[in-house]
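Q: here's a sequence, model it:
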Amino acid sequence: MTKYIAYALGMSALATAAFADMSSVDTNADGMVSMEEAQAAYPDLTAEQFSEIDANGDGAIDDAEMSGAQDAGLLPAE
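A: Here you go, the predicted model:
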């Protein structure tokens, strides 16, 4: 699954349409989505799923990771 996410992240970098409005999830407007912000937007999201989406392991989801997760069907597209 990790290889699929890496592929999706790479493909999303080439795509012109990215996550339309991450600001609706990124409530503190720091450009990253924390576990708390993600769970507020997606209440069924588990810590394991968050870790899988957080491809670089920095503890936050950035635009590319969010887009990749949506492309992979791990999060709904908004």
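
Q: give me the residue at the spatial middle of this structure.
A: To find the centre residue of the chain, average its C-alpha atoms and take the closest one (CA atoms, centre = their mean): that gives Met66, at 2.2 Å.

Q: so where does that residue fall, helix or strand?
A: Element membership of Met66 [criterion: DSSP states H and E] is helix 63-71.

Q: name the helices or strands packed onto that helix?
A: Counting by 3 or more CB pairs under 8 Å, 6 or more residues apart in numbering; DSSP states H and E, the packing neighbours recorded for helix 63-71 are helix 2-14, helix 47-53. Heads up, the C-betas are built off the backbone N, CA and C, glycines and all.

Q: worst average pLDDT in those helices?
A: Out of the helices and strands packed on helix 63-71, helix 2-14 stands lowest, with a mean of 54 (criterion: mean pLDDT).

Q: residue contacts, Asp62?
A: When contacts are counted by CB atoms under 8 Å, 6 or more residues apart in numbering, Asp62 is found next to 31-33, 56.
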